[in-house]
Structures are given as structure tokens and as C-alpha cells.
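Q: give me a 3D structure for the following:
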Amino acid sequence: MKKLIAAVLVAMLMLVLITPAAVAKPDMNKPLPATDVELVKKVTIQGKSGGSSKPAKQAATGILGATSSGDKYAILVGISDYPGDANDLEYCDDDAQDMYNALTTLYGYNSSNIHLLLDMDASFTAIQGAVNDIKSKAVASDEVVFFFSGHGTSGRASDGDGEKIDEAIVSHDGNQYGNFVYIWDGQLRDWFAGFNTTRIIFIFDSCLAGGMTDLQAPGRVINMACSESGVSYEDASWQNGQFSYYFVDQGMLSGLADRYDNLPGIADVTIEEAFDYAKANCQMQKPTISDSFSNDLLL
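A: Residues are numbered from 1 along each chain as shown. Next up is the predicted model:
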């Protein structure tokens with residue numbers, strides 16, 4: 001009997017030692033280990049134009065939610081010049097710059113509250129530092145925008161979200177042989193956990209962008225250039241990524257997405273209106289949205 005009890009105790013001890021709770025949590029502040037990683041490059045094309053139809057199901061309701069009464073912060077990342085030449089893009093830095101112009105000229109964002117990270121400045125550490133900086137400042141009434149244009153990737157990452165296949169954005173870190181440093185969806189979720197504001201807008205113009213729904217939370221809108229398995233495009237005729245061209249350049253800066261006159265007399269393209277315009281005009285890719293904001297969100 002004593003031997004049986006001893007054997008049971010040993011078995012229980014072994015179970016405790018191998019439980020998930022005993023497994024060290026991945027360090028989200030560092031690049032995470034991953035396997036089966038596949039870089040999915042944004043495609044540069046020539047001479048393509050968009051459509052003009054309305055999306056079958058529209059995100060915009062024409063009913064404006066509460067407008068921001070606090071400060072406005074943004075992290076804008078655009079990477080065209082990756083290490084080496086084989087993985088370079090053309091217009092991702094232009095995408096981020098256009099978003100900067102829209103925020104500062106139309107939506108009252110102060111340039112001192114914007115982290116504009118282009119090309120080699122958009123390292124893993126710089127992006128994480130920008131998130132942490134704004135996280136330390138933002139309060140309940142504030143608003144935050146996170147914009148990324150560049151490459152996307154997929155793989156099996158230890159990012160804590162339980163998914164079999166994960167998606168990531170590709171930072172500038174790496175070398176000419178394609179050994180890049182990735183920021184995985186579960187890792188981004190961890191970085192944005194605990195923000196004191198519920199006004200956060202995410203915009204991803206990258207391949208596999210539709211997989212960024214890990215970031216879902218009340219008061220957040222996630223605008224994704226394509227599906228979870230889709231490819232995004234850029235072209236000289238747009239001088240942008242296709243999604244950014246219709247979402248930011250045409251939709252916001254040219255005002256073509258302004259379907260509902262929410263605030264007469266001023267530019268008032270909402271996030272949902274900009275998304276609807278991009279979705280209606282994009283060809284070869286299918287933009288998706290995750291909207292957990294009450295009514296339409298005006299930046």
C-alpha cells in the first residue's frame with residue numbers, strides 16, 4: 001500500500017512539473033522563436049486600376065460615435081527599403097507618409113505625438129518603443145492609431161495566442177538573405193494590452209493582414225488590406241499600396257469616402273467610410289474589418 005501511495009505521489013509530482021503553468025511564458029519584449037516561417041511579399045504590379053462599386057456589406061452606418069476629447073497619438077510604420085535588394089518594395093514609406101499627412105492636416109493630430117518610422121528606422125526595438133511610449137501616456141479619453149505598410153509573414157510562433165498558424169508584420173531588422181525579425185499577432189496583442197483608452201485604430205497594408213484579429217477588443221477598429229491568406233498589391237499608378245491609396249490618399253485626403261456628412265463644414269471621413277471606399281475599389285484583394293467601436297469612429 002505504501003508503495004502504491006508513493007507511486008501516485010511521484011506521478012502527481014511529474015504532472016505538476018510538466019503542466020503548461022510550469023512552462024516559461026515567452027518574452028514578448030524580444031523577437032520570438034518560430035518555425036515554418038514564410039515571407040509573403042506585397043506584389044508590385046503595373047497599370048491596374050480600381051473599381052467603383054459599393055461593398056455588398058458596408059461598415060459605415062452614418063451614425064457618429066462619441067468624438068475624442070483628449071490627446072491623439074499615432075505610430076506610423078512604412079518599410080520599402082528592406083535589407084538587401086530582393087525584398088524591397090516601392091511605396092510603403094509613401095503609405096505611411098500619406099497617413100501622417102491625413103492625421104496632421106485633417107484630423108488634428110499634433111506631429112509631436114506621432115512616431116513616424118520609415119525604412120531603417122522601423123526596427124523591432126523602435127516599433128516596440130513607440131508602443132510603450134504611447135502606452136505610458138494615453139488615458140481614457142485619448143485616441144491611438146497604429147499604421148503598418150510593408151511585408152507580412154506566416155509561421156508557427158510561440159506568441160501565446162494558441163493559434164496553429166500565426167501572422168506577423170516584418171520589421172526592418174534582418175539581413176540581405178531574408179533573415180528578418182517579425183512582430184507576431186499575439187505579440188502585438190500583448191503590447192497593446194492594458195492601454196487605458198478604448199479608442200484604438202489599427203491599419204495594416206500588408207499580405208495576410210486579415211490575420212491581425214488577435215488585436216480585437218472593445219473600442220478598437222482593425223482595418224486589414226486583405227484576407228488572412230490574401231496578398232496585397234502596390235503600383236506606380238497609385239504611388240501607394242492599393243489599400244492605402246483608396247483608404248488614405250483618395251478616401252481621406254481627397255475626401256472621396258465622405259458619404260455621410262457627420263459634422264457639417266469640416267472634413268469628417270470616418271474610419272468606416274474610408275474602409276468602405278477602399279473595399280469597394282480594391283481589385284485582386286479583399287479588405288476586411290473588425291469593428292468593436294460603437295457606431296462610426298471619426299479620428
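
Q: which stretches of the chain have low pLDDT?
A: 1-24, 47-53, 158-161, 176-178, 265 (pLDDT under 70).

Q: grab the most central residue of it for me.
A: Taking C-alpha atoms, centre = their mean as the criterion, F204 is the residue nearest the geometric centre of the chain, at 4.0 Å.

Q: three-state assignment of that residue?
A: strand (DSSP: H, G, I helix; E, B strand; the rest coil).

Q: can you name the residues bridging to it?
A: Assessed by DSSP bridges, F204 has beta-bridge partners F148, M224.

Q: now do the helices in the stretch 51-200 of the chain.
A: Secondary structure of the stretch 51-200 of the chain (DSSP state H, counting those that start in this stretch): helices at 92-105, 124-135, 185-192.

Q: which strands or helices does the second one pack on?
A: With contacts defined as 3 or more C-beta pairs under 8 Å, 6 or more residues apart in numbering; DSSP states H and E, the secondary structure elements packing on helix 124-135 are strand 72-78, strand 114-118, strand 182-184, helix 185-192. Any C-beta I mention is one placed from the backbone N, CA and C, and that applies to glycine too.

Q: so which residues make contact with the last one?
A: Helix 185-192 is contacted from outside by 28, 32, 128, 131-132, 135, 146, 157, 159-161, 163, 166-169, 200, 211-215, 217, using C-beta atoms under 8 Å, 6 or more residues apart in numbering.

Q: list the contacts of the residue nearest to the centre of the chain.
A: 148, 152, 169, 212, 222-225.

Q: for S244, state which of the residues you listed is nearest.
A: The nearest member of those to S244, counting by C-beta to C-beta, is A225 at 7.8 Å.

Q: wait, that closest one touches A209, no?
A: Yes. Using C-beta atoms under 8 Å, A225 makes contact with A209 at a distance of 4.6 Å.
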